[in-house]
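predicted model and sequence below, questions to follow.
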Amino acid sequence: MEKTYFRKGFGLKSEIAGRLTADYHSAVVESLKSNGYTLQVGRLTFRLAREFGFCYGVDRAVEYAYETRTKFPDRRLFLVGEIIHNPHVNEKLRAMGIMILTPDHGGFDFSVVTPEDVVIMPAFGVTIRDFERLRAIGCILVDTTCGSVLNVWKRVESYARDGYTAIIHGKHYHEETKATASQVMKHPEGKYLVLLDMGEARIICDFIEQGGDPVALHGRFSHAASPGFDFERDLTRVGLANQTTMLSGESLAIAEEVRKSMVRRYGMESVEEHFRSFDTICSATQERQDAVLALLAEPLDIMIVVGGYNSSNTCHLAALVHQHGVPTYHIEDADAIDVTTGGIRHQPIGTKHEMTIAHWLGDSRIVGMTAGASTPNNKVGETIARICKVAGVDGNLASALTVNSKP
(Lines give C-alpha, C1' and ligand atoms only; values in the text may rest on other atoms or scores of the structure.)
Protein backbone atom coordinates (compact mmCIF):
# COMPACT_ATOMS: atom_id res chain seq x y z
CA MET A 1 0.00 0.00 0.00
CA GLU A 2 1.33 3.46 -0.86
CA LYS A 3 2.23 5.53 2.16
CA THR A 4 1.93 9.32 2.27
CA TYR A 5 4.32 11.40 4.35
CA PHE A 6 4.16 15.14 4.93
CA ARG A 7 6.95 17.17 6.51
CA LYS A 8 5.79 20.50 5.10
CA GLY A 9 2.39 22.12 5.57
CA PHE A 10 -0.62 21.93 3.30
CA GLY A 11 -0.73 25.59 2.25
CA LEU A 12 -3.80 26.31 4.40
CA LYS A 13 -2.25 28.93 6.66
CA SER A 14 -4.62 31.69 5.58
CA GLU A 15 -7.63 29.47 6.27
CA ILE A 16 -6.66 28.73 9.85
CA ALA A 17 -5.05 32.05 10.83
CA GLY A 18 -8.30 33.31 12.31
CA ARG A 19 -8.76 30.19 14.41
CA LEU A 20 -5.22 30.38 15.76
CA THR A 21 -5.70 34.04 16.65
CA ALA A 22 -9.01 33.35 18.38
CA ASP A 23 -7.50 30.49 20.38
CA TYR A 24 -4.18 32.03 21.43
CA HIS A 25 -4.13 35.83 20.93
CA SER A 26 -3.91 38.21 23.92
CA ALA A 27 -4.64 41.95 23.83
CA VAL A 28 -2.76 42.30 27.13
CA VAL A 29 0.40 40.78 25.69
CA GLU A 30 0.15 42.86 22.52
CA SER A 31 -0.15 45.98 24.66
CA LEU A 32 2.98 45.03 26.60
CA LYS A 33 4.94 44.40 23.41
CA SER A 34 3.86 47.70 21.85
CA ASN A 35 4.91 49.59 24.97
CA GLY A 36 8.46 48.34 25.28
CA TYR A 37 7.36 45.12 27.04
CA THR A 38 6.15 47.12 30.03
CA LEU A 39 2.63 47.70 31.36
CA GLN A 40 1.69 50.00 34.24
CA VAL A 41 -1.53 49.00 36.00
CA GLY A 42 -2.22 50.93 39.19
CA ARG A 43 0.62 50.26 41.61
CA LEU A 44 1.89 47.33 39.55
CA THR A 45 4.43 47.41 36.77
CA PHE A 46 4.63 44.31 34.60
CA ARG A 47 7.85 43.66 32.72
CA LEU A 48 7.76 40.95 30.08
CA ALA A 49 10.84 39.17 28.74
CA ARG A 50 11.44 40.20 25.14
CA GLU A 51 11.55 36.57 23.98
CA PHE A 52 8.88 34.35 25.48
CA GLY A 53 6.12 31.90 24.68
CA PHE A 54 5.64 30.03 21.41
CA CYS A 55 8.90 29.50 19.55
CA TYR A 56 9.02 28.92 15.80
CA GLY A 57 9.05 25.13 16.14
CA VAL A 58 6.03 25.08 18.46
CA ASP A 59 4.13 27.64 16.38
CA ARG A 60 4.75 25.51 13.31
CA ALA A 61 3.71 22.27 15.02
CA VAL A 62 0.43 23.74 16.28
CA GLU A 63 -0.26 25.29 12.91
CA TYR A 64 0.33 21.93 11.19
CA ALA A 65 -2.11 20.25 13.58
CA TYR A 66 -4.82 22.80 12.75
CA GLU A 67 -4.06 22.47 9.03
CA THR A 68 -4.28 18.69 9.27
CA ARG A 69 -7.72 18.87 10.83
CA THR A 70 -8.83 21.25 8.06
CA LYS A 71 -7.28 19.14 5.29
CA PHE A 72 -8.83 15.88 6.55
CA PRO A 73 -12.18 16.85 8.10
CA ASP A 74 -13.69 13.37 7.76
CA ARG A 75 -10.73 11.21 8.77
CA ARG A 76 -9.74 9.99 12.20
CA LEU A 77 -6.75 11.95 13.45
CA PHE A 78 -4.23 10.66 16.00
CA LEU A 79 -1.34 12.41 17.71
CA VAL A 80 1.67 10.45 18.98
CA GLY A 81 1.80 11.81 22.52
CA GLU A 82 1.39 15.50 23.29
CA ILE A 83 2.22 17.81 20.41
CA ILE A 84 3.94 20.14 22.89
CA HIS A 85 4.06 20.25 26.67
CA ASN A 86 1.16 22.57 27.31
CA PRO A 87 -2.12 21.18 28.66
CA HIS A 88 -4.30 23.89 27.11
CA VAL A 89 -2.95 23.43 23.59
CA ASN A 90 -3.36 19.68 23.79
CA GLU A 91 -6.91 20.11 25.10
CA LYS A 92 -7.71 22.36 22.14
CA LEU A 93 -6.57 19.60 19.81
CA ARG A 94 -8.72 17.04 21.63
CA ALA A 95 -11.69 19.38 21.24
CA MET A 96 -10.99 19.39 17.49
CA GLY A 97 -11.35 15.60 17.45
CA ILE A 98 -7.64 14.76 17.46
CA MET A 99 -7.07 11.67 19.60
CA ILE A 100 -3.85 11.77 21.64
CA LEU A 101 -2.14 8.43 22.05
CA THR A 102 -0.48 8.06 25.45
CA PRO A 103 2.43 5.67 26.03
CA ASP A 104 2.63 3.01 28.69
CA HIS A 105 5.70 1.08 29.84
CA GLY A 106 5.64 -0.85 26.59
CA GLY A 107 5.53 2.27 24.43
CA PHE A 108 2.72 3.49 22.17
CA ASP A 109 -0.12 1.18 21.18
CA PHE A 110 -0.77 1.73 17.47
CA SER A 111 -3.21 -1.18 17.16
CA VAL A 112 -6.10 1.29 16.89
CA VAL A 113 -4.57 3.02 13.85
CA THR A 114 -5.69 1.94 10.38
CA PRO A 115 -4.41 2.79 6.88
CA GLU A 116 -7.30 5.25 6.48
CA ASP A 117 -6.23 7.31 9.48
CA VAL A 118 -3.95 10.35 9.77
CA VAL A 119 -1.23 10.40 12.42
CA ILE A 120 0.54 13.57 13.55
CA MET A 121 4.05 13.29 14.97
CA PRO A 122 4.86 15.91 17.64
CA ALA A 123 7.41 18.70 17.73
CA PHE A 124 9.72 16.48 19.84
CA GLY A 125 9.81 13.87 17.07
CA VAL A 126 9.29 10.13 17.49
CA THR A 127 11.68 7.22 17.78
CA ILE A 128 12.77 5.38 14.65
CA ARG A 129 10.93 2.30 15.90
CA ASP A 130 7.64 4.20 16.24
CA PHE A 131 8.11 5.86 12.87
CA GLU A 132 8.69 2.52 11.13
CA ARG A 133 5.70 0.95 12.90
CA LEU A 134 3.47 3.75 11.63
CA ARG A 135 4.82 3.51 8.10
CA ALA A 136 4.11 -0.20 8.12
CA ILE A 137 0.45 0.52 8.91
CA GLY A 138 0.21 2.63 5.76
CA CYS A 139 -1.55 5.62 7.36
CA ILE A 140 -0.96 9.23 6.37
CA LEU A 141 1.86 10.70 8.47
CA VAL A 142 2.23 14.40 9.25
CA ASP A 143 5.63 15.27 10.72
CA THR A 144 5.83 18.40 12.89
CA THR A 145 9.32 17.63 14.27
CA CYS A 146 11.15 20.87 15.09
CA GLY A 147 14.06 21.80 12.83
CA SER A 148 16.34 22.29 15.82
CA VAL A 149 15.63 18.71 16.90
CA LEU A 150 16.39 17.48 13.38
CA ASN A 151 19.78 19.23 13.58
CA VAL A 152 20.61 17.31 16.75
CA TRP A 153 19.56 14.06 15.07
CA LYS A 154 21.94 14.70 12.19
CA ARG A 155 24.76 15.36 14.62
CA VAL A 156 24.35 12.23 16.74
CA GLU A 157 23.93 10.08 13.63
CA SER A 158 27.24 11.42 12.34
CA TYR A 159 28.87 10.52 15.65
CA ALA A 160 27.58 6.96 15.41
CA ARG A 161 28.62 6.66 11.78
CA ASP A 162 32.18 7.74 12.64
CA GLY A 163 32.50 5.48 15.67
CA TYR A 164 31.92 8.04 18.44
CA THR A 165 29.59 7.50 21.40
CA ALA A 166 26.92 10.20 21.60
CA ILE A 167 26.82 11.77 25.06
CA ILE A 168 23.47 13.55 25.26
CA HIS A 169 22.78 16.21 27.91
CA GLY A 170 19.11 15.66 28.61
CA LYS A 171 16.44 13.70 30.43
CA HIS A 172 16.48 10.06 29.41
CA TYR A 173 12.69 9.80 29.80
CA HIS A 174 11.88 12.87 27.69
CA GLU A 175 10.27 12.23 24.30
CA GLU A 176 12.85 14.30 22.47
CA THR A 177 15.83 12.56 24.04
CA LYS A 178 14.31 9.13 23.36
CA ALA A 179 13.90 10.11 19.71
CA THR A 180 17.44 11.50 19.53
CA ALA A 181 18.95 8.39 21.11
CA SER A 182 17.11 6.22 18.59
CA GLN A 183 18.90 8.02 15.74
CA VAL A 184 22.19 6.71 17.10
CA MET A 185 20.90 3.17 16.80
CA LYS A 186 20.55 3.47 13.03
CA HIS A 187 24.11 2.19 13.00
CA PRO A 188 24.86 -1.31 14.31
CA GLU A 189 27.75 -0.07 16.45
CA GLY A 190 26.01 3.12 17.61
CA LYS A 191 26.24 3.93 21.33
CA TYR A 192 24.75 6.68 23.49
CA LEU A 193 24.79 7.82 27.11
CA VAL A 194 22.35 10.39 28.51
CA LEU A 195 23.59 12.72 31.28
CA LEU A 196 21.08 14.74 33.27
CA ASP A 197 23.36 17.37 34.77
CA MET A 198 26.89 18.40 35.67
CA GLY A 199 26.92 16.04 38.63
CA GLU A 200 26.46 13.04 36.37
CA ALA A 201 28.93 14.47 33.87
CA ARG A 202 31.64 14.69 36.52
CA ILE A 203 31.11 11.03 37.44
CA ILE A 204 31.75 10.11 33.80
CA CYS A 205 34.70 12.48 33.59
CA ASP A 206 36.30 10.85 36.63
CA PHE A 207 35.91 7.45 34.99
CA ILE A 208 37.44 8.72 31.72
CA GLU A 209 40.46 10.08 33.58
CA GLN A 210 40.98 7.56 36.36
CA GLY A 211 38.95 4.46 35.52
CA GLY A 212 36.84 2.88 38.24
CA ASP A 213 34.12 0.35 38.80
CA PRO A 214 32.07 -0.12 35.60
CA VAL A 215 29.54 -2.25 37.48
CA ALA A 216 28.64 0.73 39.68
CA LEU A 217 28.23 2.90 36.59
CA HIS A 218 25.98 0.30 34.99
CA GLY A 219 23.81 0.41 38.09
CA ARG A 220 23.50 4.18 37.90
CA PHE A 221 23.15 4.67 34.13
CA SER A 222 21.48 1.48 32.93
CA HIS A 223 18.29 3.42 32.16
CA ALA A 224 20.22 6.10 30.26
CA ALA A 225 22.62 4.10 28.09
CA SER A 226 22.35 2.12 24.87
CA PRO A 227 22.01 -1.67 25.13
CA GLY A 228 25.30 -3.42 25.88
CA PHE A 229 27.05 -0.16 26.81
CA ASP A 230 30.65 -0.83 27.90
CA PHE A 231 32.00 2.06 29.96
CA GLU A 232 35.63 1.05 29.41
CA ARG A 233 35.23 0.65 25.64
CA ASP A 234 32.57 3.21 24.75
CA LEU A 235 33.99 6.30 26.48
CA THR A 236 37.25 6.43 24.53
CA ARG A 237 35.74 8.43 21.66
CA VAL A 238 32.73 10.64 22.40
CA GLY A 239 30.67 13.39 20.79
CA LEU A 240 28.44 15.80 22.70
CA ALA A 241 24.84 16.70 21.92
CA ASN A 242 21.90 18.00 23.93
CA GLN A 243 18.15 17.94 24.38
CA THR A 244 17.21 21.29 22.87
CA THR A 245 15.20 22.44 25.89
CA MET A 246 17.98 22.07 28.48
CA LEU A 247 19.85 25.05 29.91
CA SER A 248 22.27 25.90 27.11
CA GLY A 249 24.91 27.17 29.51
CA GLU A 250 24.94 23.83 31.31
CA SER A 251 25.13 21.91 28.02
CA LEU A 252 28.17 23.94 27.00
CA ALA A 253 29.76 23.55 30.45
CA ILE A 254 29.29 19.76 30.36
CA ALA A 255 30.88 19.61 26.91
CA GLU A 256 33.86 21.57 28.19
CA GLU A 257 34.27 19.29 31.23
CA VAL A 258 34.30 16.22 29.02
CA ARG A 259 36.80 17.85 26.64
CA LYS A 260 39.15 18.66 29.55
CA SER A 261 38.96 15.06 30.73
CA MET A 262 39.84 13.82 27.26
CA VAL A 263 42.81 16.20 27.18
CA ARG A 264 44.03 14.91 30.54
CA ARG A 265 43.61 11.30 29.42
CA TYR A 266 44.97 11.46 25.88
CA GLY A 267 46.84 14.78 25.61
CA MET A 268 46.02 17.96 23.74
CA GLU A 269 47.61 16.70 20.53
CA SER A 270 45.20 13.74 20.39
CA VAL A 271 42.02 15.27 21.74
CA GLU A 272 40.39 15.67 18.32
CA GLU A 273 40.60 11.90 17.86
CA HIS A 274 38.65 11.34 21.07
CA PHE A 275 36.25 14.29 21.41
CA ARG A 276 33.75 16.12 19.25
CA SER A 277 31.45 18.91 20.33
CA PHE A 278 28.21 20.32 18.95
CA ASP A 279 26.77 23.44 17.38
CA THR A 280 23.17 22.42 17.99
CA ILE A 281 22.10 24.76 20.79
CA CYS A 282 18.48 25.63 19.99
CA SER A 283 18.33 29.33 19.12
CA ALA A 284 14.82 29.73 20.54
CA THR A 285 15.78 28.16 23.86
CA GLN A 286 18.89 30.32 23.98
CA GLU A 287 16.95 33.49 23.14
CA ARG A 288 14.39 32.87 25.92
CA GLN A 289 17.11 32.22 28.46
CA ASP A 290 19.04 35.33 27.35
CA ALA A 291 15.86 37.41 27.55
CA VAL A 292 15.26 36.26 31.13
CA LEU A 293 18.82 37.21 32.07
CA ALA A 294 18.31 40.65 30.50
CA LEU A 295 15.08 41.06 32.46
CA LEU A 296 16.87 40.14 35.68
CA ALA A 297 19.24 43.04 35.12
CA GLU A 298 16.27 45.33 35.87
CA PRO A 299 14.69 45.73 39.32
CA LEU A 300 12.13 42.96 39.95
CA ASP A 301 10.21 42.13 43.10
CA ILE A 302 8.91 38.76 41.89
CA MET A 303 8.94 36.66 38.73
CA ILE A 304 6.10 34.61 37.24
CA VAL A 305 6.97 31.83 34.79
CA VAL A 306 3.94 30.47 32.92
CA GLY A 307 3.98 27.03 31.32
CA GLY A 308 3.36 23.33 31.68
CA TYR A 309 4.97 21.59 34.62
CA ASN A 310 6.19 18.87 32.26
CA SER A 311 7.73 21.45 29.92
CA SER A 312 11.50 21.11 30.21
CA ASN A 313 12.33 24.53 28.82
CA THR A 314 9.80 26.21 31.15
CA CYS A 315 11.23 24.47 34.21
CA HIS A 316 14.70 25.60 33.20
CA LEU A 317 13.56 29.21 32.78
CA ALA A 318 12.14 29.11 36.32
CA ALA A 319 15.37 27.57 37.64
CA LEU A 320 17.42 30.26 35.90
CA VAL A 321 15.46 33.04 37.63
CA HIS A 322 15.59 31.26 40.97
CA GLN A 323 19.39 31.02 40.73
CA HIS A 324 19.52 34.82 40.69
CA GLY A 325 17.67 35.18 43.97
CA VAL A 326 14.37 36.58 42.67
CA PRO A 327 11.25 35.02 44.24
CA THR A 328 9.98 32.80 41.44
CA TYR A 329 6.61 31.16 40.85
CA HIS A 330 6.23 28.58 38.10
CA ILE A 331 2.53 28.20 37.34
CA GLU A 332 0.69 26.38 34.58
CA ASP A 333 -1.90 29.09 34.02
CA ALA A 334 -3.95 31.86 35.60
CA ASP A 335 -6.13 29.38 37.48
CA ALA A 336 -3.20 28.89 39.84
CA ILE A 337 -3.92 32.34 41.28
CA ASP A 338 -6.85 32.38 43.70
CA VAL A 339 -8.52 35.80 43.62
CA THR A 340 -10.60 34.97 46.70
CA THR A 341 -7.79 34.00 49.07
CA GLY A 342 -4.95 35.78 47.32
CA GLY A 343 -2.93 32.55 47.28
CA ILE A 344 -0.90 31.04 44.46
CA ARG A 345 -0.52 27.38 43.53
CA HIS A 346 2.85 26.73 41.95
CA GLN A 347 5.55 24.14 41.43
CA PRO A 348 8.62 24.98 43.52
CA ILE A 349 11.91 24.91 41.63
CA GLY A 350 13.44 21.45 41.44
CA THR A 351 10.32 19.60 42.61
CA LYS A 352 7.55 17.66 40.91
CA HIS A 353 4.69 18.69 43.16
CA GLU A 354 2.52 21.75 43.65
CA MET A 355 2.21 23.82 46.77
CA THR A 356 0.10 26.84 47.68
CA ILE A 357 1.42 30.03 49.23
CA ALA A 358 -0.86 32.65 50.76
CA HIS A 359 -0.35 36.38 50.26
CA TRP A 360 2.54 35.81 47.87
CA LEU A 361 2.10 39.15 46.11
CA GLY A 362 2.45 41.24 49.27
CA ASP A 363 3.75 44.73 48.58
CA SER A 364 5.39 43.76 45.29
CA ARG A 365 5.23 46.44 42.67
CA ILE A 366 7.43 45.20 39.83
CA VAL A 367 6.38 41.84 38.43
CA GLY A 368 8.56 40.07 35.88
CA MET A 369 6.82 37.78 33.39
CA THR A 370 7.98 35.10 31.00
CA ALA A 371 6.61 31.91 29.50
CA GLY A 372 7.97 28.66 28.16
CA ALA A 373 8.23 27.97 24.44
CA SER A 374 5.03 25.92 24.53
CA THR A 375 2.89 28.55 26.28
CA PRO A 376 0.39 30.54 24.18
CA ASN A 377 0.09 34.30 24.64
CA ASN A 378 -3.44 34.17 26.01
CA LYS A 379 -2.23 32.24 29.06
CA VAL A 380 0.26 34.99 29.81
CA GLY A 381 -2.39 37.68 29.38
CA GLU A 382 -4.88 35.83 31.60
CA THR A 383 -2.24 35.54 34.31
CA ILE A 384 -1.56 39.28 34.25
CA ALA A 385 -5.28 39.99 34.51
CA ARG A 386 -5.60 37.65 37.49
CA ILE A 387 -2.65 39.26 39.27
CA CYS A 388 -4.26 42.66 38.78
CA LYS A 389 -7.42 41.35 40.40
CA VAL A 390 -5.52 40.02 43.42
CA ALA A 391 -3.83 43.40 43.79
CA GLY A 392 -7.15 45.21 43.51
CA VAL A 393 -6.08 47.15 40.42
CA ASP A 394 -8.09 45.22 37.84
CA GLY A 395 -10.24 48.28 37.33
CA ASN A 396 -7.15 50.02 35.95
CA LEU A 397 -6.32 47.31 33.44
CA ALA A 398 -8.75 48.36 30.71
CA SER A 399 -7.57 51.99 30.86
CA ALA A 400 -3.94 50.86 30.81
CA LEU A 401 -4.58 48.85 27.66
CA THR A 402 -6.41 51.78 26.06
CA VAL A 403 -3.54 54.17 26.76
CA ASN A 404 -0.95 51.74 25.39
CA SER A 405 -2.95 51.01 22.25
CA LYS A 406 -2.95 54.67 21.18
CA PRO A 407 -0.62 55.48 18.27
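Sure, I can see it. Numbering: from 1, shown residues only.

all contacts plus neighbour counts: C-alpha atoms, from now on.
Noted.

in the stretch 301-407 of the chain, where is pLDDT below threshold?
Scanning the stretch 301-407 of the chain for pLDDT under 70 picks out 403-407.

what segments of it are helices?
For the stretch 301-407 of the chain, the helices defined by DSSP state H, counting those that start in this stretch occupy 312-323, 377-391, 397-405.

mind listing what's buried along the first one?
Neighbour-count burial for helix 312-323 flags S312, N313, T314, C315, H316, L317, A318, A319, L320, V321, H322 (criterion: 16 or more other CA atoms under 10 Å).

what is the neighbour count of R264?
Here the number of neighbours of R264 (other CA atoms under 10 Å) works out to 14.

excluding its backbone neighbours, what's nearest it?
E209 (6.7 Å; CA to CA, 6 or more residues apart in numbering).

same question for Y56.
A284 is the one closest to Y56 (CA to CA, 6+ apart), at 7.5 Å.

OK, contacts around that neighbour?
C55, Y56, A373 (CA atoms under 8 Å, 6 or more residues apart in numbering).

re earlier: reformat the helices of the stretch 301-407 of the chain as JSON lines; add distance to K178.
What follows is these, written out as JSON lines (distance: least, CA to CA, whole Å):
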{"stretch": "helix 312-323", "distance to K178": "14"}
{"stretch": "helix 377-391", "distance to K178": "29"}
{"stretch": "helix 397-405", "distance to K178": "44"}
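
between the ones you listed, which one is nearest to T180?
Taking CA to CA, helix 312-323 is the member of these nearest to T180, at 15.5 Å.

which elements pack onto that closest one?
helix 283-296, strand 302-306, strand 328-331 (3 or more CA pairs under 8 Å, 6 or more residues apart in numbering; DSSP states H and E).

adding distance to G125, write the ones you listed out as a markdown table.
Output for the helices and strands packed on helix 312-323, formatted as a markdown table (distance: least, CA to CA, whole Å):
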| stretch | distance to G125 |
| --- | --- |
| helix 283-296 | 17 |
| strand 302-306 | 24 |
| strand 328-331 | 26 |
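
out of these, flag the one nearest K92.
strand 302-306 (17.8 Å).

give me the angle between the closest one and helix 312-323.
170 degrees (axes from the mean of the first three to the mean of the last three CA atoms, to 10 degrees).

note down every partner strand of strand 302-306 and its orientation.
strand 328-331 (parallel), strand 366-371 (parallel) (DSSP bridges).

quick one: low-confidence ranges for the stretch 1-150 of the chain?
Checking the stretch 1-150 of the chain against pLDDT under 70 turns up 1-9, 11.

quick one, helices of it?
13-24, 27-34, 56-71, 87-95, 128-137, 147-161.

list the buried residues in the shortest one.
Neighbour counts over helix 27-34 (16+ other CA under 10 Å) mark V28, V29, E30, S31, L32, K33 as buried.

do the fourth one as well
For helix 87-95, burial by neighbour count (16+ other CA under 10 Å) applies to P87, H88, V89, N90, L93.

which residue is the nearest non-sequential neighbour of N86?
Nearest to N86 is G308, by CA to CA, 6+ apart, at 4.9 Å.

show me what contacts that neighbour?
Here G308 is in contact with H85, N86, P87, T314, I331, E332, G372, S374, T375 (CA under 8 Å, 6+ apart).

what's the neighbour count on the first one?
Which is H85. 24.

need the longest helix for this protein.
Counting by DSSP state H, the longest helix found in the chain is helix 248-266.

neighbouring contacts of that one?
With CA under 8 Å, 6+ apart as the criterion, helix 248-266 contacts 169, 197-198, 201-202, 205-206, 208-209, 240, 242, 270-271, 274-275, 277, 281, 285-286.

which helices and strands sit right next to the next helix-or-strand element following that helix?
For helix 248-266, the following helix or strand on the C-terminal side (DSSP states H and E) is helix 271-274. For helix 271-274, the packing partners by 3+ CA pairs under 8 Å, 6+ apart come out as helix 248-266.
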